[in-house]
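>>> sequence first, predicted coordinates after that:
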Amino acid sequence: MVIPLWLGKVGAAWPIREEAAMHLDVTDLRTFYYRSALGRAAQKVVRDQVHQLWPEAKGMTVAGYGFAVPLLRPYLADARRVIGLMPGPQGVMHWPVGLPNVSVLCDETLWPVETGHVDRLVLMHGLETSENPSALLDECYRVLGPGGRALFIVPNRSGLWARSDQTPFGYGRPYSLSQLEAQLKRHSFVPERNVSALYQPPSSRRFWMKTGAMWESTGRAAAAVMAGGVLMVEVAKRTPARSGGSSVKEVVRKPLGALSPSPRAKPI
């Protein structure tokens with residue numbers, strides 16, 4: 001992969017993965033988002049954009065799949081329940097730090113969540129790395145409740161971040177907006193809004209880091225000519241599903257009791 005020279009050296013290269021194992025390791029993801037300056041900056045930009053789309057989730061069940069937990073922190077105080085779903089090939093970590101754990105290891109196509117109980121669903125580093133994206137989207141459809149919303153965050157194939165394997169957005173299958181929306185429509189989701197983020201170059205050099213906010217504001221204003229590093233598409237659930245489309249499972253086989261709705265459950 002050729003990286004433009006002006007980007008400079010981002011840092012130590014990520015471990016090389018075999019093609020058959022597309023999921024990144026949870027340790028690498030945690031190191032990037034919580035221990036590197038570039039990762040913390042990327043986390044803030046994407047999280048702020050998610051919060052702008054969904055400013056609150058009071059009394060709602062909020063779930064994130066893949067490595068979406070950095071984006072869920074603003075909802076911990078007011079949401080009825082927050083769940084971090086992490087796929088088996090990726091691995092799981094305790095989250096949030098210093099609070100009771102709400103993350104769980106799961107099969108990417110069989111989540112321990114009851115049908116129709118999720119109000120807000122975020123996927124990041126989940127769809128583009130999935131070995132079975134069709135079945136994964138069926139599972140997203142199953143858990144999303146009536147009136148719920150899902151947000152799919154994927155690498156933009158036209159952006160610089162998808163071309164650099166120094167960040168997690170350089171792995172898996174990048175998407176164009178038309179490709180992502182077409183795939184979501186095939187699984188009975190209705191795209192409602194889309195935005196781009198991460199316009200700053202994927203470099204930890206001081207100049208690019210200090211001018212990151214300027215790149216984001218300039219990129220959003222000139223989105224027609226500048227490609228953001230990630231695409232974010234918000235969707236609603238089409239009810240009923242298209243005939244011959246999603247083969248949605250009615251119930252999960254063994255839902256975790258801790259994640260099942262309970263009249264005595266307290267917000268996490």
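Looks like it arrived, so ask away.
>>> got the contact list for the longest strand that the chain contains?
What stands out as the longest strand in the chain, according to DSSP state E, is strand 144-155. The contact list for strand 144-155 (Cβ atoms under 8 Å, 6 or more residues apart in numbering) reads 46, 50, 53-54, 61, 68, 71, 116-124, 127-128, 140, 161-162, 169-170, 172, 174-175, 180, 184, 189, 192, 229-237, 239. To be clear about C-beta, it is placed using only N, CA and C from the backbone, and glycine gets the same treatment.
>>> type out the ChimeraX command that picks the buried ones from these.
Per 16 or more other Cβ atoms under 10 Å, the buried members of the contacts of strand 144-155 correspond to this ChimeraX selection:
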select :46,50,54,61,68,71,116,117,118,119,120,121,122,123,124,127,128,140,161,162,169,170,172,174,175,180,184,189,229,230,231,232,233,234,235,237
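>>> the contacts of strand 144-155 in helices, which ones?
V46, V50, L53, C140, L180, L184 (DSSP state H).
>>> now the residues you listed in CSV, with distance to N132 and pLDDT?
Shown next, in CSV, are those (distance: Cβ to Cβ, whole Å; pLDDT from 0 to 100):
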residue, distance to N132, pLDDT
V46, 25, 96
V50, 25, 97
L53, 27, 96
C140, 12, 98
L180, 17, 97
L184, 16, 98
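>>> tell me which of those is nearest to M93?
The shortest gap between M93 and any of the ones in helices among the contacts of strand 144-155 belongs to V46, at 18.5 Å (Cβ to Cβ).
>>> which residues does that closest one contact?
Taking Cβ under 8 Å, 6+ apart, we find V46 in contact with P70, L71, M124, I153, A197, L198, V230, M232.
>>> now, which of those residues sits nearest L38?
L198 (10.4 Å).
>>> which residue packs closest to L136, ignoring adjacent ones?
S130 (4.7 Å; Cβ to Cβ, 6 or more residues apart in numbering).
>>> what about that neighbour, how many residues nearby?
23 (other Cβ atoms under 10 Å).
>>> count of residues packed around L105?
Neighbour count of L105, defined by other Cβ under 10 Å: 14.
>>> that should have said D78, apologies.
A count of neighbours around D78, defined by other Cβ under 10 Å, yields 14.
>>> kindly report the same for D48.
Using other Cβ under 10 Å: D48 sits among 13 other residues.
>>> for the closest residue in space to Q90 that isn't next to it in sequence, helix, strand, or coil?
Nearest-residue entry for Q90: H23, 4.4 Å, with adjacent residues in sequence omitted and distances by Cβ to Cβ, 6+ apart. On the three-state scheme (DSSP: H, G, I helix; E, B strand; the rest coil), H23 is labelled coil.
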